[in-house]
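Participant: any chance you could fold what I've pasted below:
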Amino acid sequence: MHENKLKILICISICFLLANIAFSQTEAQDRQSIMNHIALADHFIHLHDSDNEAAHSDSARMIAERMKTDCYEKARAFRQYADL
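Facilitator: So this is what the prediction gives:
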């Protein structure tokens with residue numbers, strides 16, 4: 001009986017660990033996407049292309065809104081969108 005409970009506990013722990021790894025990878029991809037959009041928005045600022053600047057700033061903001069954790073990239077996306 002105790003052996004079955006231990007197996008169940010191990011399985012649950014592994015499931016949580018795998019979910020956490022997947023979340024971490026998604027979070028890292030979101031952070032990189034935000035920085036890519038911010039870099040493109042900055043590029044279009046220098047080209048005086050306000051439409052593309054706004055589009056990339058908005059994309060960075062939308063990615064930041066769906067993120068569950070706070071981070072530098074998320075804050076920067078909201079700041080850039082606010083400055084726009």
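Participant: from here on, just use CA atoms for contacts and neighbour counts.
Facilitator: Noted.
Participant: mind picking out the helix or strand in the chain with the poorest mean pLDDT?
Facilitator: Lowest by mean pLDDT, DSSP states H and E among the helices and strands of the chain is helix 2-46, with a mean of 77.
Participant: contact partners for the nearest residue to S59 once chain neighbours are set aside?
Facilitator: Distance criterion CA to CA, 6 or more residues apart in numbering; nearest residue to S59, sequence neighbours excluded, is H37 at 6.8 Å. Applying CA atoms under 8 Å, 6 or more residues apart in numbering, we find H37 in contact with 56-57, 59-60.
Participant: tally up the residues packed near the residue nearest to A41 when sequence neighbours are not counted, please.
Facilitator: Residue nearest to A41 in three dimensions, not counting chain neighbours: E53, with 4.3 Å by CA to CA, 6+ apart. Neighbours of E53 under the rule other CA atoms under 10 Å: 24.
Participant: do L84 as well
Facilitator: 11.
Participant: distance check, the residue nearest to S59 against Y72.
Facilitator: Separation of H37 from Y72 (CA to CA, to the nearest Å) stands at 14 Å.
Participant: so R61 sits against R79, correct?
Facilitator: No. Using CA atoms under 8 Å, R61 is not in contact with R79; the gap is 9.0 Å.
Participant: what would the contacts of H37 look like in TSV with pLDDT, neighbour count and secondary structure?
Facilitator: Output for the contacts of H37, formatted as TSV (pLDDT from 0 to 100; neighbours: other CA atoms under 10 Å; DSSP: H, G, I helix; E, B strand; the rest coil):
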residue	pLDDT	neighbour count	secondary structure
H56	89	23	helix
S57	91	26	helix
S59	91	19	helix
A60	91	28	helix
